[in-house]
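After the sequence you'll find the predicted model.
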Amino acid sequence: MGSETDNNGGPRHVAIIMDGNGRWAQARGRPRLFGHHAGARRVREIVEACPVSGVDYLTIFAFSTENWKRTQTEVAGLMGLFRRYITKEMQEFVRENVRVRFIGDRVRLDRKLIVLMDEAEELTKHCDGTNLTIALNYGGRDEVARATKRLAEDVAAGKLDPKDVDEETLPKYLDTCVLPDPDLVIRTSGEARISNFLLWQSAYAEYEFIDTLWPDFTSAEFKQLVASYGGRERRFGGVKS
Ligand code: IPE
Ligand code: IPE
Ligand code: MG
């Protein structure tokens with residue numbers, strides 16, 4: 001899908017790399033999981049800030065394909081947190097008219113978690129307010145590799161002619177196939193890298209790297225970043241008209 005916005009110049013799709021939970025906990029002498037719980041509690045306020053900010057799509061990075069490298073305690077704690085989070089927030093999302101989707105590879109996830117993810121998607125299917133996409137066991141390279149595999153399968157099955165493969169074709173196989181490209185990508189915690197997030201989709205996104213640790217990120221800061229985006233001039237490789 002295209003990247004141009006029709007939102008009075010504001011970003012229609014904002015993606016967030018929610019980073020800094022561990023350091024936030026460490027600064028308080030608490031275990032990393034304490035930071036993840038505090039981080040999860042920030043999400044609702046940001047989701048609620050979307051309609052008033054003109055943001056139709058919010059995509060958040062919750063767990064990367066590389067995050068399995070963490071200790072078993074942290075990974076298990078995070079998976080438990082995701083299960084509880086979805087269970088607890090599901091009805092709230094319906095009430096707030098939020099459509100929930102998940103991107104990432106589900107294969108490695110716990111069966112109970114997958115069931116909850118499916119339920120959340122099903123329950124909010126009719127919601128036409130904010131589109132919240134949660135990236136869970138998501139990696140941009142992994143996503144492109146999985147997409148390529150399915151594309152190759154379609155070629156092998158005679159459903160797709162290699163001559164017709166162009167840059168409009170591959171995105172149809174990505175997890176994000178129904179989403180527009182992100183206009184603005186925010187990363188908290190002072191790291192200026194994208195860590196394998198939405199690689200294909202962010203080709204022309206604007207980036208904001210901010211020092212705030214995710215559990216301290218507020219709707220006021222979100223609104224301010226969204227507002228300052230309006231002043232940017234995106235050229236998509238062209239020249240100013
Ligand atoms: C982001 O916070 C959450 C996840 C990656 C799951 P971190 O856990 O990466 O926090 P820092 O970067 O160690 O502070
Ligand atoms: C990126 O944060 C992934 C998520 C926010 C889920 P990381 O903390 O895992 O990234 P690196 O290790 O700093 O690149
Ligand atoms: Mg981190």
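Good, I have the coordinates. Ligands and ions are numbered 1, 2, ... in the order given.

now the residue of the chain found nearest ligand 1, nearest residue through space, not along the chain?
Here the residue of the chain nearest ligand 1 is G22; by C-beta to the nearest ligand atom that distance is 2.7 Å. Backbone N, C-alpha and C define where each C-beta goes, glycine included. The shortest distance from G22 to any non-neighbouring residue, by C-beta to C-beta, 6 or more residues apart in numbering, is to R32 (4.4 Å).

Any idea how many residues pack against the one you found?
18 (other C-beta atoms under 10 Å).

What backbone torsions are found at it?
In terms of degrees, to the nearest 10, the main-chain angles of R32 are phi -60, psi -40.

mind checking how far it is from A38?
Using C-beta to C-beta, to the nearest Å, R32 is found at 11 Å from A38.

joint contacts of the two?
Common neighbours of R32 and A38, using C-beta atoms under 8 Å, 6 or more residues apart in numbering, are 21, 25.

List the buried residues in the lengthiest helix in the chain.
When the chain is parsed with DSSP state H, its longest helix is helix 72-95. By neighbour count with 16 or more other C-beta atoms under 10 Å, helix 72-95 contains the buried residues 74, 77-79, 81-83, 85-86, 89-90, 93-94.

what about the helices in this structure?
Secondary structure of the chain (DSSP H): helices at 21-26, 32-53, 72-95, 111-123, 140-156, 219-229.

could the ones you listed go into JSON lines alongside distance to ligand 2?
Formatted as JSON lines, the helices of the chain follow (distance: least, C-beta to the nearest ligand atom, whole Å):
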{"stretch": "helix 21-26", "distance to ligand 2": "8"}
{"stretch": "helix 32-53", "distance to ligand 2": "9"}
{"stretch": "helix 72-95", "distance to ligand 2": "9"}
{"stretch": "helix 111-123", "distance to ligand 2": "15"}
{"stretch": "helix 140-156", "distance to ligand 2": "11"}
{"stretch": "helix 219-229", "distance to ligand 2": "16"}
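
wait, which of these is closest to L199?
helix 140-156 (3.2 Å; C-beta to C-beta).

if you average pLDDT over the longest helix of the chain, what comes out?
Averaging pLDDT along helix 72-95 gives 98.

when you compare where it runs with where helix 32-53 runs, what's the angle?
Orientation check (axes from the mean of the first three to the mean of the last three C-alpha atoms, to 10 degrees): helix 72-95 against helix 32-53 gives 30 degrees.

tally of neighbours for the residue of the chain found nearest ligand 2?
Here the residue of the chain nearest ligand 2 is S195; by C-beta to the nearest ligand atom that distance is 3.6 Å. Per other C-beta under 10 Å, the neighbour tally for S195 reads 14.

C127 and R95 touch, don't they?
No: the pair C127 / R95 is not scored as a contact, 9.5 Å apart, by C-beta atoms under 8 Å.

Phi and psi next, for the residue in the chain sticking out farthest from the centre.
Most distant from the centre of the chain: G158, at 33.2 Å, with distances by C-alpha atoms, centre = their mean. When quoted as degrees, to the nearest 10, the phi and psi of G158 stand at phi 80, psi 10.
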